[in-house]
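Colleague: Dropping the sequence and predicted coords here.
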Amino acid sequence: MTAFVNRDTSPIERPAPLTVQELAAELRCSESEVRELIRAGELRTVACGIRPGRVPRHEIDAYLRRRQLVHGPSGNAAGAD
């Protein structure tokens, strides 16, 4: 029995997980702040072979959504006017 292969579509490509250094640059913060977010459980990492954990894009997006809910679109804490 052979499996059907549809050659008209390509597999879904997910963006590569980011290193701590890459994420710090994207968030405009220090690498130590990113590591603190990881330690605090705000960001989860995935293992990438023997390399230290990397942060998948969906984790970054979820963190930014949570942060926007707490701080609002302006970035200030809700009710801190």
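Modeller: Yep, that arrived. Numbering: from 1, shown residues only.
Colleague: Mind listing residues that contact the longest helix anywhere in the chain?
Modeller: Looking across the chain with DSSP state H, the single longest helix is helix 57-71. With contact meaning C-beta atoms under 8 Å, 6 or more residues apart in numbering, helix 57-71 is reached by 14-15, 17-18, 23, 26, 37, 42-45, 77-78. Where C-beta positions appear, they are placed from N, C-alpha and C, glycine not excepted.
Colleague: For the buried ones among these, write the corresponding PyMOL selection.
Modeller: Applying 16 or more other C-beta atoms under 10 Å to those, the buried members can be selected in PyMOL as follows:
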select buried, resi 17+18+23+37+43+45
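Colleague: Pipe the contacts of helix 57-71 into CSV and attach secondary structure and distance to Arg66 per row.
Modeller: Formatted as CSV, the contacts of helix 57-71 follow (DSSP: H, G, I helix; E, B strand; the rest coil; distance: C-beta to C-beta, whole Å):
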residue, secondary structure, distance to Arg66
Arg14, coil, 21
Pro15, coil, 19
Pro17, coil, 19
Leu18, strand, 18
Leu23, helix, 16
Glu26, helix, 16
Leu37, helix, 11
Glu42, coil, 8
Leu43, coil, 10
Arg44, coil, 13
Thr45, coil, 17
Ala77, coil, 13
Ala78, coil, 13
